[in-house]
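A.B. asks: model the following, please.
(one chain, ligands or ions: 2)
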Amino acid sequence: MANDTLPTIVVLISGSGSNLQALIDATQNGQLKANIIGVISNRQKAYGLERARQAGIPTESVSLKRFKDEGKTREDFDDAVALLIAEKYRPDLVVLAGWMHILSPRFLAHFPRDNVMNLHPALPGQFDGAHAIDRAFEAFQQGQIKETGIMVHKVIADVDRGQVILQQPVPILESDTLATLEDRIHTAEHQIIVRGAQAFLDELTAA
Ligand SMILES: Nc1nc2c(c(=O)[nH]1)N[C@@H](CN(C=O)c1ccc(C(=O)N[C@@H](CCC(=O)O)C(=O)O)cc1)CN2
Ligand SMILES: NCC(=O)N[C@@H]1O[C@H](COP(=O)([O-])[O-])[C@@H](O)[C@H]1O
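C.D. replies: Ligands and ions are numbered 1, 2, ... in the order given. Model (predicted):
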């Protein structure tokens, strides 16, 4: 039973939603003192939507392709997603948990409290953007790096360059395959996203 006095979170996803599941579990076991009041995906078949439904959380799916098929732009899509969040849900915190879409300044203008957080599977300034784990593994194989990492950060227009909330190194072993490195990173992500969301909420609600 949701507690009406707790801070609220809306989570944006594009895929499996294992980090969404970590957030859901944490709200249920008391690690994260908040209510997830909505989950939005830009991919209708994202399994994370099923995870939300199983947890009784309202879900929305907004397709960029449908907007483009209707002759609309990325900015129109961003506006629609932003208004959905800011006017229908009005959360204390927006979490991008595998949201694979670069948000325009027009989206961010709807969130003047700068209360949007992203989870990224790399250290600050290392592998900004998509496919970060693949790129880190390739750099390791070429002897360019000895470790990688993960972070949660505030979202600004400049992709993955917002203020870091939490970061954590993740070792890469000589015996690693891409799959074993991904597993190690995802396990670490499921913890940092919870700690990062709580830390950010503490900052936002103290302000
Ligand atoms: N303005 C911002 N938008 C987003 C940020 C951010 O920090 N500022 N974080 C990203 C998350 N992300 C990495 O953490 C990321 C996701 C996706 C992409 C990307 O290149 N997306 C392509 C589409 C790729 C696809 O559909 O597979 C695109 O948007 O055209 C880069 C970085 C979320 N957004
Ligand atoms: N640039 C953003 C990015 O790469 N995000 C990554 O997408 C995955 C989502 O997994 P999930 O759907 O199982 O939570 C996570 O590894 C997250 O770090």
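A.B. asks: whichever residue of the chain sits closest to ligand 2: neighbour count?
C.D. replies: Relative to ligand 2, the nearest point of the chain is residue 98 (2.6 Å; CB to the nearest ligand atom). All C-beta spots, glycine's among them, are computed from the backbone N, C-alpha and C. Residue 98: 22 surrounding residues under other CB atoms under 10 Å.
A.B. asks: what does residue 6 give?
C.D. replies: So residue 6, with other CB under 10 Å, has 15 neighbours.
A.B. asks: need phi/psi at it.
C.D. replies: When read as degrees, to the nearest 10, the backbone of residue 6 gives phi -80, psi 150.
A.B. asks: wait, it sits on residue 35?
C.D. replies: Yes. If you go by CB atoms under 8 Å, residue 6 and residue 35 touch, sitting 5.0 Å apart.
A.B. asks: ok, now how distant is residue 66 from residue 191?
C.D. replies: Distance from residue 66 to residue 191, counting by CB to CB, to the nearest Å: 35 Å.
A.B. asks: what about those two, which has more around it?
C.D. replies: Using other CB under 10 Å, the more surrounded residue of residue 66 and residue 191 is residue 191, with 15 against 12.
A.B. asks: that's a strand at that one, yeah?
C.D. replies: No. Judged by DSSP: H, G, I helix; E, B strand; the rest coil, residue 191 forms no part of a strand; its state is helix.
A.B. asks: quick check: closest non-adjacent residue to it.
C.D. replies: Leaving aside its chain neighbours, residue 191 sits nearest to residue 22 (7.5 Å; criterion: CB to CB, 6 or more residues apart in numbering).
A.B. asks: from what I can see the residue of the chain closest to ligand 2 touches residue 21, true?
C.D. replies: No. At 11.1 Å, residue 98 does not count as touching residue 21 under the criterion of CB under 8 Å.
A.B. asks: shared neighbours, these two?
C.D. replies: residue 48 (CB atoms under 8 Å, 6 or more residues apart in numbering).
A.B. asks: one step back: wait, what's in contact with the residue of the chain closest to ligand 2?
C.D. replies: 13-17, 19-20, 48, 119.
A.B. asks: now, these that are in strands?
C.D. replies: 13, 119 (DSSP state E).
A.B. asks: out of the contacts of residue 98, which touch ligand 2?
C.D. replies: Subset of the contacts of residue 98 in contact with ligand 2: 13, 15-17, 19-20, 48, 119, counting by CB under 6 Å from any ligand atom.
A.B. asks: between those residues, which is nearest residue 205?
C.D. replies: residue 119 (20.2 Å; CB to CB).
A.B. asks: quick check: mean pLDDT of stretch 67-85?
C.D. replies: Stretch 67-85 shows a mean pLDDT of 97.
A.B. asks: please apply the same query to stretch 197-207.
C.D. replies: What stretch 197-207 shows for mean pLDDT is 94.
A.B. asks: do it and ligand 2 meet at all?
C.D. replies: No. Judged by CB under 6 Å from any ligand atom, stretch 197-207 makes no contact with ligand 2; its nearest approach is 13.1 Å.
A.B. asks: and residue 105, how many neighbours?
C.D. replies: Close neighbours of residue 105, defined as other CB under 10 Å, add up to 10.
A.B. asks: I appreciate the help and will end here.
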